[in-house]
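Sequence and predicted structure, then a few things I'm wondering about:
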Amino acid sequence: MTKTLLLLPGDGIGPEVMAATRTVIDWFNGHGAGFACDEALVGGSAYDAHGVAITDETMQKAVAADAILFGAVGGPKWDDVGYDVRPEAGLLRLRKELELFANLRPAIVYPALADASSLKRELVEGLDILILRELTGGVYFGEPKTITDIGNGQKRAIDTQVYDTYEIERISRVAFELARTRRNKVTSMEKRNVMKSGVLWREVVTETHKHGYEDVELEHMLADAGGMQLVRAPKQFDVIVTDNLFGDMLSDVAAMLTGSLGMLPSASLGAPDALTGKRRALYEPVHGSAPDIAGQGNANPIAMIASFGMALRYSFEMIAEADRLDAAIAAALDKGVRTPDLMSEGMTKVDTDGMTAAIVAELDATA
Ligand code: NAD
Ligand code: IPM
Ligand code: MN
């Protein structure tokens with residue numbers, strides 16, 4: 001059966017890492033996978049062509065696809081466009097309208113990269129943690145969200161943090177289910193000492209835990225202390241579950257444990273469909289459009305390629321293929337090839353195409 005993928009390359013290095021991933025998809029198609037790829041504009045490139053960050057037509061394609069691969073959006077070119085049509089609005093619309101509430105951001109330290117982290121080798125060697133970020137609620141979407149004149153030349157900006165019980169409950173369930181497939185521990189992070197949403201967050205996570213998940217170890221941490229622990233002793237964690245904004249920040253921090261922001265993939269999943277059991281899903285690197293290196297052809301494609309690996313795993317149940325791709329990435333790194341973001345003495349510097357070719361060569365070696 002054909003599997004449909006909608007590719008949304010976006011802006012900056014988005015199209016560069018997507019082209020690399022396309023090469024990997026083609027490799028799997030050459031070995032019987034049967035992916036049919038469609039492509040559309042999103043972000044600044046969609047704004048330039050259509051005046052919006054994503055068109056209704058592309059939204060319809062996104063709804064129809066079995067999975068979406070998303071590159072990155074944004075850049076200085078669009079700094080002054082209207083707030084509602086800024087590039088990032090395209091990504092937020094996809095997340096919200098497709099109800100992709102569960103964002104899995106694994107931070108894994110590949111053996112060859114234990115010295116590439118900004119932390120000491122012994123702190124990160126063997127690290128394998130999962131940040132589970134709530135993705136459709138919180139301060140990203142809460143109303144009111146306004147800037148108003150309040151007189152005397154003053155303005156007031158308001159963002160609103162909102163969480164309902166059901167939103168916290170469903171992300172908690174995902175956290176406990178995922179923990180069971182790993183090391184069986186969940187750390188929930190909020191700021192109940194300051195925020196009402198933090199009080200409810202802890203209450204609902206605790207309550208959900210009592211109903212069917214007591215075999216999973218649960219701990220609670222204030223999110224600021226959690227950030228500190230993440231760089232002090234990251235291996236204490238297994239699954240970290242947290243809200244939309246804390247999850248955004250903590251996952252960028254976690255990226256540096258692995259050596260580069262260019263290493264972190266993610267999966268954004270919806271609830272299983274009542275009839276088919278299929279989840280809506282979008283896969284994207286954690287990094288952005290990297291305007292500082294865009295157009296040079298030397299972005300690290302691993303986060304995007306590994307995001308496709310997560311699609312194999314979570315949307316298509318192609319577990320052996322996903323394992324093979326992860327092993328190929330690890331093997332390529334073992335051979336010493338490094339994009340500039342990972343470069344260190346004695347290694348072989350390659351560009352985006354060079355890294356992709358090295359990964360494909362490892363896939364060939366195991367085929
Ligand atoms: P960024 O993630 O784009 O870049 C941060 C730093 O990491 C830069 O120095 C960049 O060169 C480096 N980097 C990121 N990805 C890399 C890769 N694959 N290989 C090598 N180096 C890499 O964050 P930023 O600079 O704060 O944001 C730039 C733009 O991207 C903004 O418009 C922002 O809104 C947007 N953004 C988009 C997404 C997304 O589309 N999902 C995510 C984050 C930021
Ligand atoms: C991310 C990004 C996005 C976010 C932006 C581009 C809207 O930083 O996916 O981590 O804040 O969620
Ligand atoms: Mn982010």
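Sure, I can see it. Residues are numbered from 1 along each chain as shown. Ligands and ions are numbered 1, 2, ... in the order given.

Show me what from the protein comes close to ligand 2.
74, 88, 91, 92, 248, 286, 288 (C-beta under 6 Å from any ligand atom). For every residue, glycine as well, the C-beta is placed using N, CA and C.

I'd guessed the third one sits against residue 44; true?
No - when contacts are counted by C-beta atoms under 8 Å, residue 91 is not listed as touching residue 44 (11.4 Å).

Widest-spaced pair of the residues of the chain next to ligand 2?
Using C-beta to C-beta, the residues of the chain next to ligand 2 span at most 15.5 Å, a distance reached by 92 and 286.

more neighbours, the two?
Higher neighbour count among residue 92 and residue 286: residue 286, with 24 against 17, using other C-beta atoms under 10 Å.

could you list every residue that touches the closest residue to that one other than its chain neighbours?
Nearest residue to residue 286, sequence neighbours excluded (C-beta to C-beta, 6 or more residues apart in numbering): residue 264, at 3.9 Å. By C-beta atoms under 8 Å, 6 or more residues apart in numbering, the residues touching residue 264 are 105, 106, 107, 251, 254, 255, 258, 285, 286, 287, 303.

which residues of the protein score low on pLDDT?
Filtered on pLDDT under 70, the chain yields no residues whatsoever.

tell me the contacts of the residue nearest in space to the middle of it?
Nearest to the geometric centre of the chain sits residue 266, at 2.8 Å (C-alpha atoms, centre = their mean). Contacts for residue 266 (C-beta under 8 Å, 6+ apart) come out as 103, 104, 105, 106, 251, 283, 284, 285, 286, 307, 310.

Up against ligand 1, what does this protein have?
13, 17, 72-75, 88, 91, 260-262, 284, 287-293, 299-300, 303, 341.

out of those residues, which are inside helices?
17, 88, 91, 303 (DSSP state H).

now, which of those sits nearest residue 68?
Lowest distance from residue 68 to those (C-beta to C-beta) belongs to residue 91, with 10.6 Å.

Tally up the residues packed near the residue in the stretch 51-200 of the chain positioned nearest to ligand 1, please.
Nearest residue of the stretch 51-200 of the chain to ligand 1, counting by C-beta to the nearest ligand atom: residue 74, 2.3 Å away. Neighbour count for residue 74, taken as other C-beta under 10 Å: 23.

residues contacting it?
Counting by C-beta under 8 Å, 6+ apart, residue 74 touches 11, 12, 43, 44, 86, 87, 88, 288, 289, 291.

Name every strand pairing with the longest strand belonging to the chain and say which way it goes.
What stands out as the longest strand in the chain, according to DSSP state E, is strand 142-151. Sheet pairing for strand 142-151, assigned by DSSP bridges, gives strand 154-160 (antiparallel).

Domains in the chain, by residue range?
What automatic domain parsing lists as the domains of the chain is 1-104+261-367, 128-257.

just those: most buried one?
Most buried of those by mean neighbour count (mean count of other C-beta atoms under 10 Å) is domain 1-104+261-367; its value is a mean of 19.

tell me the strands in the stretch 201-350 of the chain, going along the chain?
Under the criterion DSSP state E, counting those that start in this stretch, the stretch 201-350 of the chain contains strands at 217-222, 239-242, 267-272, 279-283, 337-338, 348-349.
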